[in-house]
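Visitor: Predicted model and sequence follow; I will ask about them next.
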Amino acid sequence: MTRTPLQAKNFRLSDMPDQAGKTILITGANNGLGLRAATALAGAGARIILACRNQVTGAEALDQVRAAGPEAEHDLVALDLADLGSVREAAAKATALAPRIDVLINNAGLMAVPFARTADGFEMQIGTNHFGHFAFTDGVLPALLAASEPRVVTLASIAHRQGQIVLDDLNFDHRQYRRMTAYQQSKLANLLFGAELARRSEAAGLALKSVIAHPGVAATNLFDSMVPPIPGALTATHLGLRVFGNSETDGALSQLYAATMTDVRNGDYLGPNRLFGVRGPVSRSPRAKSARNETVAKRLWEKSIELTGAQYGALQTASSAPS
């Protein structure tokens, strides 16, 4: 896909079109980029459904969303992406609340956490960042397809460039676990999923757009797991992120562009490009060669179907998508 310039050269919150009448579902909207996106979209008139694991901070976030967008009715559902049972329950609850969902933003994620397994035995990072969202997207797909111009926005990362998909050992059953290796794999999986969903939607003749976004390096708590337990280290890390990277507000701009702007194309990858993608205005971004491998994307899709039990019934006519 060609990297033509976006219409909004220096996209800001004030550039977002009116979102009144739209319903937007956001995972991990209780803090960080997800909360920034949720309050911005509520302020633009959208109805927001927050899907969060932590219901205490989720309720606090819901209060902020209601204050930002008092004209719409907003909701909170419990979602633990590391538990496929919870994923299915959350999808059922969200679609019961909103039989038509205009935008799903797959925002939640973990970064470089110690080795752990999800409730279903997946390595925690790919289980949360990829498998959980893969199954959740499938669960809310009928509500998305009830909208006239639905979108799925999946959050990836510039860290995908160092990622490698090991299809016969996605869950580190046999290879040595390294925090960043696992994170990089999961973020590459996000890109491959978003691109494959775009191809399958197009092949099925659907109006659904699948868009991938990255925030650059944003000053969120995502990096906290990597900070050594030294007095003052966490404060210094957050300060450095604010100086050299994006603020939370600026980091959320790419997913907001992907969710709302009219010039977004199916399969786009949006985010800052300056300093190798660390910061800058939202642009169409380059993706690594590994993220453009359609054969691996198709095989990862098939493996994800096998491991999660997701169906993606509406996309079955795309079973002959390019490989």
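Guide: Looks like it came in fine. Numbers count the residues shown, from 1 in each chain.
Visitor: shaky segments in this protein?
Guide: 1-2, 218-246, 275-277, 317-323 (pLDDT under 70).
Visitor: just the strands in this protein please.
Guide: Along the chain, counting by DSSP state E, strands occupy 23-27, 47-52, 75-78, 103-106, 151-155, 209-213, 269-271, 283-284.
Visitor: Direction included, what does the last one pair against?
Guide: The reference is to strand 283-284. In the sheet, strand 283-284 lines up against strand 269-271 (antiparallel) (DSSP bridges).
Visitor: Go through the strands of the chain and name the closest to Asn10.
Guide: For Asn10, the closest of the strands of the chain is strand 283-284, at 10.1 Å, according to C-beta to C-beta. (Each C-beta comes from the backbone N, C-alpha and C, glycine too.)
Visitor: where do the helices sit along the stretch 201-323 of the chain?
Guide: In the stretch 201-323 of the chain, the segments counted as helices under DSSP state H, counting those that start in this stretch are 233-244, 248-251, 253-260, 274-277, 294-308.
Visitor: rewinding a little: may I see the strands of the chain arranged in CSV, with distance to Asp120 and mean neighbour count as well?
Guide: Below are the strands of the chain laid out as CSV (distance: least, C-beta to C-beta, whole Å; neighbours: other C-beta atoms under 10 Å):
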stretch, distance to Asp120, mean neighbour count
strand 23-27, 17, 28
strand 47-52, 18, 28
strand 75-78, 17, 18
strand 103-106, 18, 28
strand 151-155, 20, 27
strand 209-213, 24, 27
strand 269-271, 29, 27
strand 283-284, 35, 20
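Visitor: Make JSON lines out of these and add distance to Phe134.
Guide: Converted to JSON lines, the strands of the chain look like this (distance: least, C-beta to C-beta, whole Å):
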{"stretch": "strand 23-27", "distance to Phe134": "12"}
{"stretch": "strand 47-52", "distance to Phe134": "15"}
{"stretch": "strand 75-78", "distance to Phe134": "18"}
{"stretch": "strand 103-106", "distance to Phe134": "9"}
{"stretch": "strand 151-155", "distance to Phe134": "10"}
{"stretch": "strand 209-213", "distance to Phe134": "12"}
{"stretch": "strand 269-271", "distance to Phe134": "18"}
{"stretch": "strand 283-284", "distance to Phe134": "24"}
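Visitor: ok, now which ones touch Ala207?
Guide: 145, 148-150 (C-beta atoms under 8 Å, 6 or more residues apart in numbering).
Visitor: Using ChimeraX, define a selection of the buried residues within those residues.
Guide: Those of these that count as buried under 16 or more other C-beta atoms under 10 Å are selected in ChimeraX with:
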select :145,150
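Visitor: from the contacts of Ala207, which two are the most distant?
Guide: Leu145 and Glu149 (11.0 Å).
Visitor: Just the C-alphas of stretch 182-194, formatted as CSV.
Guide: Extracted in CSV, the C-alpha atoms of stretch 182-194 (Å, rounded to 0.1, in the frame of the first residue of the first chain):
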residue,chain,number,x,y,z
ALA,A,182,7.6,-11.9,23.5
TYR,A,183,6.4,-8.3,23.3
GLN,A,184,7.9,-7.8,19.8
GLN,A,185,6.2,-11.0,18.6
SER,A,186,2.9,-9.9,20.0
LYS,A,187,3.1,-6.5,18.3
LEU,A,188,4.0,-8.0,15.0
ALA,A,189,1.0,-10.3,15.4
ASN,A,190,-1.2,-7.2,15.9
LEU,A,191,0.0,-5.8,12.5
LEU,A,192,-0.4,-9.1,10.7
PHE,A,193,-3.9,-9.5,12.2
GLY,A,194,-5.0,-6.0,11.2
